[in-house]
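Chemist: my questions are about this predicted structure, shown below with the sequence.
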Amino acid sequence: MAAKRKVNRSTPANAVATKKAKVEEIKSTTTIDEIEDDDQNLMTTSANYMDDDDEEGDWESQSDEDGSDDEEGEGGESKTNKKRKTDNEVDNVTGGELEGLKETAELYKSNIFKLEIDELLQEVNVNYDKHKTLLSALKQLKSVFENIPEGKEELVKDYIKNFKKKQKIVAPILQSPPPEDALYKFKFEKPSSIQVVGSYALKTITKLKRAFNVDLAVQMPSSIFQEKDYTNNRYFYKRACYLATLAHAIQKSKKNFNIEFSTFNGDSHRPILIVKPTGDKSDVDFSKTKCIIRIIPTIAQDVFPPYRLAPNRNNIRHNSENSVATTTPTPQYNASILMDTSLSSSLAFLYEHSKNCAGFKDAIMLGRVWLYQRELESNRTGSGFSAFLFAMLMGYLLQGGLPQGGRKLSTGHSSYQLLRGTIDFLSTHDFEKEPVMIGEYDHPDFAVDHFRENYQISIVDPSGTINLAAHLTPSGLAQVQYEAKLAMASFNDTVDRFDTLFLRNVNDIKARFDNAFTIPVPNKESAHTTYTELTQSECPILVDHFAKSVSNILQRGLTNRVDLVAVQYDADLSWPINNTISSFASHIKVGLVLNPDNSPRLVDQGPDAQQKEACESFRQFWGDKAELRRFKDGSIVESVVWETQGYENRTLIVKSIVQYLLQHHFELEPELIWTGQQVYPYLHLSKHVPANLFSRQLDVSGFQPVMTAYTQFAKQLRDVDTSLPILINNIYPASSGLRYTSACVPHPMDFDHVVSHYPVTARYIDAMDVIVQLERSTKWPDDLAALQKVKYAFYVKIANELKNRVGVEAHVVAPHTDVQNDNENKLLKQGYIDVYYYGYIFRCHLHVPQESDALKNTINDKKSNDTKKKTQAQEALKAHEYLFHHQQRHTYYVQAMCVKYPAYSATVRLMKRWFGAHLLSLQISEELIELICAHVFLESHPWQPPVNALTGMTRVLELLATWDWQKGPLVVDIEGEMTELDRDIISQRFAKKKSFITMVVATAKDLDGTRWSSPRPNKAVAARVQMLAKASVATLDKTIQSGQIKNIKSLFVTPMQDYHVVIQLKASRCTRYYQNSRPQQSLLELNEEETDILGDTVYAKFDPVTEYIKELERIYGDVVLLFHDQFGGDKIGIVWNPTTAVPKQWKVNVGYNSVPVDMNKDGFLEPAKGKNEISNLVKPNFAAILREMERLGHGIIESINQS
């Protein structure tokens, strides 16, 4: 295949010869040979066509190779006839391979990256030899156009009317029709030339999921135009008449083509004719080629004097007394006419570069794939950018047109280097200040300053007269440059980002943008559109003008609050030839990428009060929101203030600005608002929770109160060490409530009024783990039992000191063991102090370094043969490291994530709510959720890290929906210490363990990736997580498409029909019920009959439901899987373990309540059908197990329902 791929890239020999002959003419005429007859057709030089059946190729796999085994290599040598290589030849090949490796290192990012690029190019390359029917269709169209008879001369307005009446074809005029008093005439004459242009002629077409374009330029003869036809749309009227005549000729030829009108790359001044196959299997049915033919009317370069169409010229003469309207330049209008002269010359420019630079075509193809995956081309988003502009910029960088005369790219560069250099230029160049001048024209009207003054963006063609970017919107360029910056970050990353650069679609509104809005396009009659007569002549389609206006307004108003304002709409217009265009885009979409530092800003400062004109402009722009303010530094400036408090409210400031500006400038309201506001209620207690239980002020202050309390407590605890024989070395938080990621913000409880304030459903209070590390000392005993006793004495001493010094309650919980249970691991039982600190409970654990040493000594004691004791020591050491090392470090890194990424905390909390809502709290640990969420922030490619919690949650759901846990580990560099060696080790270990571990989430401190994902979840749970995530992503897509943003609530509703059994709990006995996202308000009100159930004692972490579930798991863990929402859930879902349902051989300690498989419904044993003896197999007695569960849950179970 390598030889074949090389032949494809260099094109067949006869094609090269043909092109060489054409280059000489290009130099003198700047045109490509027209298609004159079948033998000289530019597109038939590669003549060896395949059979019709072979034309389709493997479209789904994006490969049209025929896989022939006897293809020829270089020099015509058949693979099957090659001679066996001699030893010298083998040596030469080896030397060549070494040279190739050296070249790869110099020209590509890495060997693997080069292989990936080669594979991609092979997949997207088009086999032009298989386009027999396409070429037949082109020849047929050429013949049809050349045989159109000359028409009679008529007034343009009459020609349009008569053509519609007689031929039933409406001339495609998108601007205002010719005036009734217009006297200019039109007469159809045969085309001067017909030629294939564009990427198909250059052979840079790529196979993508959409059909590619084949551009056929039909040059209108100069004789049909008059000297002044460049004014007042006269050229465009005649162009439309000519195009309508071409459409009628195709229709009249009775060849099976489907034809319709469209616009050329979104330019509403330049309609084109779209030709599609009918699928009739005729000789011109090119449907297998997966393309469309675009018929583009053009003119010669000398039809109009170029200076008449210079950027500073006005060519629309309105019947207006306003002198400004008649002298204002019409640069867009002028550029549209000039562009019809440039198709052949632009192709010649690109062809010359492709001839001199071997990697040029491949680089264009790579660029086209990169643009496609980001939907940056004009017909996709209305931006005005295209692969053609990308190619022209690459040619500009190759020819040495930089300001200092240097070249950014070299003809010796590889396709990767050319692509990277062009994207780098896009990411850094200021197009508004420095127009790109590919060529220059010696006329003062085409000076650089005129392009800069009349266009926001200028990319001037080789002739120096045409701004190829005239219709490129600032928003479109901003999107391209934003994506280019992200691409450069991927190129510079040490991790291979090939997939995110070329294989992944990026323009997913729910994941790409932090805020998104859908805005209706107003009517032309709206006074606030500023859609004047002059504006209409420059921009005939209202949505084009409205999109630009919205982009300019929002960019000015949002300033550096956003990194990107992306305005998108469907600009891919097409309509029947027998009718006028009936509909344009009715809505535009605005996507915002927020700046994490500036978006929550409360004040926008304007000009100084002394700048009168600037202040007037500022007040006009902001209306009533503008006010003059004095600031602390003494400055008096115009300002806009957004009064709000709290993280969540401040994240909505941008939404408020957008809504205000749209109302102020357009009197419009957005119809879809995607800002995260819709999911913020899930970060708080339900509105049904009475305010007297928990203060609503925490909705604003968030974690600040608990962190302030912890900081003060840690300071006071550190002061206690003056009374201890061993000093406190450090104090660490080790709880989700102290790392900003608990699903519910810790609420302080009024310890003095528990009975009179809190019902049973609100009596749960979390005890947040705190690690108190004591310094290492030889005073600690080496014996483990003695060490535990000394630790307990320390607990008592610290508790007494806190009571005496700080005046808070501190309860010492001693290690509790069951003396009657010999199997209990007494080494696991640890004491602690619960400190009741001003509404919060801090559970303090003393970390003594010698404790782990003692456990390790027990494990490694070669003199001891006590296997049980060593096993228990290993179990205790694992628990010790989990609490005192892993939890503490994890908390530290998660805290750092919350500080670095403001949206990370809310994203984690939403995902914990999501897992809880789907009854997965018991199966997925909090730490695992935190690491999975961290991945979308640390590995955010191809986007920036999310700044909005809803965007963050969306990306996490998409990750869970698409990640294949069996193929690779999820690597999360939360510590920021990951090396390439670490990644290699992770991959190696995963390959050994992937059949045993379901979810591998590896970090630099956990290269195995099993610390937080073993033994749970199992494969069944992981499959359910992926299924639920896919359903959630689909729900989000439907929500955006329908605009019914309220439907997002369904993300947090889980289907219950999949469980074998559902235990309905008594909500009135669930102490965490107040955390339920949809609680019954009556159950949260104080019930006098139940006030004495728990008395006035404050119970730390008192959760009967969790204890009940732990008991069920201890007894029936091998038989059932239990599912529950720990955040106030009142249901327990049960799934019978399918592996235990299989009958097993009976034994005394089978492990669960069982029943013989041969027991009948009456309780008697009888052999199964066809058997003579009673089987010794047993199976779980599910009915009895359920009754046992009901007995164990007496008092908290409402009902049990089986499916």
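Modeler: Done, it's in. All values reported here derive from a predicted model rather than from experimental measurement.
Chemist: stretch 271-288: which residues count as buried?
Modeler: Buried residues in stretch 271-288, counted by 16 or more other CB atoms under 10 Å: 271-277, 282, 284-288. Yep, even glycine has a C-beta here, placed from its N, CA and C like the rest.
Chemist: look up how far residue 368 lies from the residue lying closest to residue 206 once chain neighbours are set aside.
Modeler: Nearest non-adjacent residue to residue 206, counting by CB to CB, 6 or more residues apart in numbering: residue 124, 4.2 Å away. Distance of residue 124 to residue 368, computed by CB to CB, to the nearest Å: 8 Å.
Chemist: now do residue 146
Modeler: To residue 368, residue 146 is 32 Å away according to CB to CB.
Chemist: now do residue 168
Modeler: 38 Å.
Chemist: higher neighbour count, these two?
Modeler: Counted by other CB atoms under 10 Å, residue 168 and residue 368 do not tie: residue 368 has more neighbours, with 23 against 12.
Chemist: state the pLDDT value of that one.
Modeler: Residue 368 is assigned 96 on the pLDDT scale.
Chemist: I figured residue 874 hits residue 859, correct?
Modeler: Yes - using CB atoms under 8 Å, residue 874 is in contact with residue 859, at 5.7 Å.
Chemist: low-confidence ranges, the stretch 151-300 of the chain, go.
Modeler: Residues of the stretch 151-300 of the chain meeting the criterion pLDDT under 70: none.
Chemist: now the helices for it?
Modeler: Applying DSSP state H, counting those that start in this stretch to the stretch 151-300 of the chain gives helices spanning 156-167, 198-202, 234-252.
Chemist: output the contacting helices and strands for the second one.
Modeler: Taking 3 or more CB pairs under 8 Å, 6 or more residues apart in numbering; DSSP states H and E as contact, the helices and strands that helix 198-202 lies on are strand 212-219, helix 343-356, helix 360-374, helix 387-399.
Chemist: do you know which of the ones you listed lies nearest residue 1031?
Modeler: helix 360-374 (25.6 Å; CB to CB).
Chemist: the closest one vs strand 212-219, what angle?
Modeler: If you take axes from the mean of the first three to the mean of the last three CA atoms, to 10 degrees, helix 360-374 sits at 120 degrees to strand 212-219.
Chemist: heads up, I number from 3, so please use that
Modeler: I'll keep to 3 as the first residue from here, and by that count the last item is helix 362-376.
Chemist: which parts of helix 362-376 are buried?
Modeler: Neighbour-count burial for helix 362-376, counted by 16+ other CB under 10 Å, picks out 362-376.
Chemist: mind checking how far that helix is from the chain centre?
Modeler: Chain-centre distance of helix 362-376: 20 Å, with CA atoms, centre = their mean, to the nearest Å.
Chemist: report the longest helix in the chain, please.
Modeler: Counting by DSSP state H, the longest helix found in the chain is helix 1021-1044.
Chemist: what pLDDT, on average, does that one get?
Modeler: Mean predicted lDDT for helix 1021-1044 stands at 93.
Chemist: residue 808 and residue 716 touch, don't they?
Modeler: No - judged on CB under 8 Å, residue 808 makes no contact with residue 716 at a distance of 11.9 Å.
Chemist: the stretch 803-952 of the chain: helices as residue ranges?
Modeler: Going by DSSP H, counting those that start in this stretch, the stretch 803-952 of the chain shows helices at 851-862, 869-883, 890-902, 904-919, 928-940, 951-964.
Chemist: nearest to residue 741, of those helices?
Modeler: Short answer: helix 890-902, nearest of the helices of the stretch 803-952 of the chain by CB to CB, at 4.4 Å.
Chemist: which parts of that closest one are buried?
Modeler: Buried, per 16+ other CB under 10 Å, within helix 890-902: 890-893, 895-897, 899-900.
Chemist: of those residues, closest to residue 1099?
Modeler: Nearest to residue 1099 among the buried residues of helix 890-902, with distances taken as CB to CB, is residue 893, at 29.2 Å.
Chemist: nearest residue to the closest one other than its sequence neighbours?
Modeler: Using CB to CB, 6+ apart, the nearest residue to residue 893 is residue 741, at 4.5 Å.
Chemist: reformat the helices of the stretch 803-952 of the chain as JSON lines; add distance to residue 1205 and mean pLDDT.
Modeler: Shown next, in JSON lines, are the helices of the stretch 803-952 of the chain (distance: least, CB to CB, whole Å; pLDDT from 0 to 100):
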{"stretch": "helix 851-862", "distance to residue 1205": "46", "mean pLDDT": "90"}
{"stretch": "helix 869-883", "distance to residue 1205": "37", "mean pLDDT": "90"}
{"stretch": "helix 890-902", "distance to residue 1205": "38", "mean pLDDT": "97"}
{"stretch": "helix 904-919", "distance to residue 1205": "20", "mean pLDDT": "97"}
{"stretch": "helix 928-940", "distance to residue 1205": "28", "mean pLDDT": "98"}
{"stretch": "helix 951-964", "distance to residue 1205": "26", "mean pLDDT": "97"}
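Chemist: and the ones you listed, which is most packed in?
Modeler: helix 904-919 (a mean of 26; mean count of other CB atoms under 10 Å).
Chemist: just checking, what packs against it?
Modeler: Judged by 3+ CB pairs under 8 Å, 6+ apart, helix 904-919 is in contact with helix 649-653, helix 890-902, helix 928-940, helix 951-964.
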